[in-house]
Structure formats: C-alpha cells, structure tokens
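Structural data only, the sequence is not supplied:
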C-alpha cells in the first residue's frame, strides 16, 4: 500500500505559522487488498483527527471518470500532489478535465481551487512563492472561526 500525505499539511506544512488541525492521508491499494469498495473509500482516521482516503489502483481514466461522477469536490486536492500524479501518470491535460470538481469546491476548500488555478496558469504542477502564500492566506481566511 502506498501512502501520500494530502490536505493542508501537504501544501503548507513547512510554513512557520501554519497550525494544522488534522492529518489527511491517501492510501493507494491494490485490488483485493481492501474489501468493501470498488474505487475509493473515505473515513476518519483512527486517531479521529483527519481523513484517510483509500483508492484502488486503476487506470487514471477510470479513476478520474469515477471521481467526476461520485467524489466530493475536495478530492481535487489529491490530484494536486505531484507524488499522486506520478503514480497514476496524471498530466496537466488530465488536470484540466477535473475543472468540474474545482467549480464545486465548498468555502472551506477554496484554497485547493487556488492551487489548481495556479497549476493550470503555470502549465505545471508548481507554485510560485506568491501563489502558495495566496493559497495559504485563503486557507487561513476560510478557517477563522475554527478552533485550532
């Protein structure tokens, strides 16, 4: 099973004033390794302070088609992780097909949308310092009323 950190820690973990409130992980599983789901499963982690996303290894086409039909829009964040994209051979052209997830993001995950927009603008899965800080400022603004 492959594990990849996701969520805000993946993007902002090294920013000095970042105060994480949870740990989110993506686990890529082989078919048959996990029972009870065909494509993706989401659950609170054992510590209760984050989310675990279990994804069955499949073609990127099948995975992305399933995501567009069934996934929560915040799942777009997985596709902004270079390790995840390398694992599934996801390209910038593939990212552009996920725009419907970007368009449905809730208020708490607009920072993900800013990162997505920056990747599209840059034509690569990279952020300038300014783009990353703009996403971080949005993240903090979205969470003003959350106790951390």
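Looks like it came in fine. All figures in this text were calculated on a predicted structure; none of them were measured in a lab. Residues are numbered from 1 along each chain as shown.

Show me where the chain has its strands.
For the chain, the strands defined by DSSP state E cover 2-6, 24-29, 40-44, 51-56.

Relative to residue 143, which of those is closest?
Closest to residue 143 of the strands of the chain is strand 24-29 (Cβ to Cβ; 14.4 Å). Yep, even glycine has a C-beta here, placed from its N, CA and C like the rest.

Any buried residues in the closest one, and which?
Within strand 24-29, the residues scored as buried using 16 or more other Cβ atoms under 10 Å are 24, 25, 26, 28, 29.

Please tell me how far the closest residue to residue 53 other than its chain neighbours sits from residue 101.
Excluding the flanking residues, the one nearest residue 53 by Cβ to Cβ, 6 or more residues apart in numbering is residue 26, at 4.8 Å. Distance of residue 26 to residue 101, computed by Cβ to Cβ, to the nearest Å: 15 Å.

want to throw the strands of the chain into CSV with mean pLDDT and distance to residue 136?
Below are those laid out as CSV (pLDDT from 0 to 100; distance: least, Cβ to Cβ, whole Å):
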stretch, mean pLDDT, distance to residue 136
strand 2-6, 94, 16
strand 24-29, 91, 16
strand 40-44, 63, 25
strand 51-56, 86, 20
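
Quick check: closest non-adjacent residue to residue 13.
residue 20 (7.1 Å).

so what's that neighbour up against?
8, 9, 13 (Cβ atoms under 8 Å, 6 or more residues apart in numbering).

I am finished for the moment; much appreciated.
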